[in-house]
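Student: here are the coordinates; sequence isn't available:
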């Protein structure tokens with residue numbers, strides 16, 4: 001199995017929550033920190049939650065080939081995975097986990113087809129809708145945009161090497177941890 005594990009799934013499926021639970025179980029697991037052009041939210045720390053960079057700097061780094069993958073997410077902000085830290089960690093022989101969106105996963109698959117691709121799926125469509133509405137962080141227009149994107153993302157599950165159903169965070173995190181450990 002590849003040392004690079006790519007986790008993707010639809011909005012509100014709980015990717016970040018599952019990855020945080022995995023890190024609680026195994027803090028030594030290296031999870032790449034994404035870069036973004038969006039502003040930091042209260043409590044977010046640069047370099048820990050994201051690398052917060054301005055649009056011009058992001059564009060410069062895209063042009064320089066510094067990103068393994070990048071995308072405009074939900075038609076607004078840019079997110080991407082900086083190539084350097086991932087390559088450095090892989091060179092040490094350690095597994096690397098990327099938590100990214102479907103667009104990014106497809107870009108990684110094109111450049112690193114030997115990576116192991118894991119799709120995080122909700123137990124049902126209704127549960128995904130409930131999670132998105134329940135977190136209360138988006139207005140109605142944004143929820144509708146995210147759900148339209150989620151329908152397309154759900155249809156792409158068969159592009160992945162493995163599907164993990166996020167029925168409970170603990171079980172999904174344990175299954176993902178077993179994938180990471182098998183890659184080491």
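Tutor: Nice, thanks for sending it over. Quick caveat, the model's predicted, so the values are computed rather than measured.

Student: Tell me where this structure has helices.
Tutor: With DSSP state H as the criterion, the chain has helices at 15-25, 55-63, 83-91, 102-111, 125-135, 140-155, 169-183.

Student: per-residue confidence averaged over the fifth one?
Tutor: Per-residue confidence for helix 125-135 averages out to 86 on the pLDDT scale.

Student: Can you give the contact residues for it?
Tutor: 10, 11, 12, 13, 14, 122, 138, 143, 146, 147, 150, 154 (C-beta atoms under 8 Å, 6 or more residues apart in numbering). Using the backbone N, CA and C atoms, a C-beta is placed for each residue, glycine as well.

Student: quick one: it to helix 15-25, angle?
Tutor: Angle of helix 125-135 versus helix 15-25, following axes from the mean of the first three to the mean of the last three C-alpha atoms, to 10 degrees, is 80 degrees.

Student: Compile the helices of the chain into a markdown table and extend it with columns for distance to residue 49.
Tutor: A markdown table is the format used below for those (distance: least, C-beta to C-beta, whole Å):
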| stretch | distance to residue 49 |
| --- | --- |
| helix 15-25 | 9 |
| helix 55-63 | 16 |
| helix 83-91 | 15 |
| helix 102-111 | 17 |
| helix 125-135 | 17 |
| helix 140-155 | 20 |
| helix 169-183 | 18 |
